[in-house]
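**Student:** For reference, the sequence and a predicted model appear below.
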Amino acid sequence: QVQLVESGGGLVQPGGSLRLSCVASGFSLEKYSIGWFRQAPGKEREGVSCITGTNGRAYYPDSVKGRFTISRDSAQNTMFLQMNDLKPEDTAVYSCAADPLVNNNFEGCWDWYDHRGQGTQVTVSS
């Protein structure tokens, strides 16, 4: 069964850190494009970190650049999102995604991913 399952969300104070995990089953993440997205109430889903090529180059929007880092562990078939210096505006449901389409010449997030997780809530509040 193809599945992505996130974990690691929770409540954190401003300036704090969280590490989200996304375990893949039923396929290998190693050769897939991967990404993390978030959606806050009343807002559209936003890509916060994506790798669309095999060279490991990651895309980050200005809103999270320098604070968020995407990575993957092929042995664990897991992707991660390290989030530092969290701000109240980072509050959202975070979800992971994966797609077999890869392109080393593209910088950004795909509009469509074959596989998406259900999401995990991240709340940044004092």
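**Tutor:** Received it, and whenever you're ready, just let me know what you need.

**Student:** Please enumerate the strands of the protein.
**Tutor:** For the chain, the strands identified by DSSP state E occupy 3-7, 10-12, 18-25, 33-39, 46-51, 68-73, 78-83, 92-99, 115-116, 120-124, in order along the chain.

**Student:** Sheet-wise, list the partners of the shortest one with their directions.
**Tutor:** Within its sheet, and counting by DSSP bridges, strand 115-116 is paired with strand 92-99 (antiparallel).

**Student:** so the strand it pairs with versus strand 18-25, what angle?
**Tutor:** Orientation check (axes from the mean of the first three to the mean of the last three Cα atoms, to 10 degrees): strand 92-99 against strand 18-25 gives 40 degrees.

**Student:** Buried residues in strand 92-99, which are they?
**Tutor:** 92-99 (16 or more other Cβ atoms under 10 Å). (C-beta placed from N, C-alpha, C; glycine too.)

**Student:** out of those residues, who's nearest residue 30?
**Tutor:** Nearest to residue 30, judged by Cβ to Cβ, of these is residue 98 at 10.4 Å.

**Student:** now that closest one: how far from residue 28?
**Tutor:** In this view, residue 98 and residue 28 are 10 Å apart by Cβ to Cβ, to the nearest Å.

**Student:** Could you check the pLDDT of the spatially most central residue of the chain?
**Tutor:** In the chain, the residue lying closest to the centroid (Cα atoms, centre = their mean) is residue 36, at 1.9 Å. Model confidence at residue 36, expressed as pLDDT, equals 98.

**Student:** Please shift the residue numbers so they start at 18 in all later answers.
**Tutor:** Sure, I'll start counting at 18 from here, so that last one is residue 53.

**Student:** I figured it hits residue 89, correct?
**Tutor:** No: shown here, residue 53 and residue 89 do not form a contact pair, counting by Cβ atoms under 8 Å, at 11.0 Å.

**Student:** okay, and the common contacts of the two?
**Tutor:** residue 96 (Cβ atoms under 8 Å, 6 or more residues apart in numbering).

**Student:** Tell me the buried residues in stretch 116-132?
**Tutor:** Buried-residue list, stretch 116-132, by 16+ other Cβ under 10 Å: 116, 119, 126-127, 130, 132.
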